[in-house]
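> Got a sequence here, can you build the structure:
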Amino acid sequence: MTTWLVTRHAGAREWARRRGFAVDRVVQHVESETEVAPGDVVIGSLPANLVARLCERGARYMHLSLDLPLEKRGVELTADDMELFGGCLEEIALRRVTEGEAMPGPAR
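Coordinates of the predicted model:
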């Protein structure tokens, strides 16, 4: 099992280190189909479609969540900022709805 931290931010890497997370690989991008194995743990703030593919592959996804005020969005954060804004990991499991499954209809 490999634990991945997917980030391009130095503050997130430092935050994970301070929290004592045992991270095996730090990458800026992850290819779910070729790199992540069943049982791996992926930590990051990834788009839902990639999270669904990771879950389909048998990986666990831990979302790095923050309660950011509007003025801090898009700003490089330090590890201290991440603590201030409640940085935490939340496990999320997603699956794609297959064709033919019940889907909400268009808005009327």
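
> Spatially nearest residue to the residue nearest in space to the middle of the chain, not counting backbone neighbours?
Closest to where the C-alpha atoms of the chain average out (Cα atoms, centre = their mean) is Gly44, at 2.8 Å. In space, and not counting its chain neighbours, Gly44 is closest to Val6: 3.5 Å by Cβ to Cβ, 6 or more residues apart in numbering. C-beta coordinates here come from the backbone N, C-alpha and C atoms, glycine included.

> what sits against that neighbour?
Residues near Val6 by Cβ atoms under 8 Å, 6 or more residues apart in numbering: Val27, Gln28, His29, Val30, Val42, Ile43, Gly44, Leu46.

> Now the fifth one, what are its backbone angles?
Okay, so that is Val42. Dihedral angles of Val42 (phi, psi; degrees, to the nearest 10) stand at phi -120, psi 120.

> Quick check: which ranges of this protein have low pLDDT?
32-33, 101-105, 107-108 (pLDDT under 70).

> That one: strands as residue ranges?
3-6, 25-27, 41-44, 60-65, 88-92 (DSSP state E).

> just checking, Gly39 touches Ala59?
Yes. Contact criterion Cβ atoms under 8 Å: Gly39 and Ala59 qualify, at 7.2 Å.
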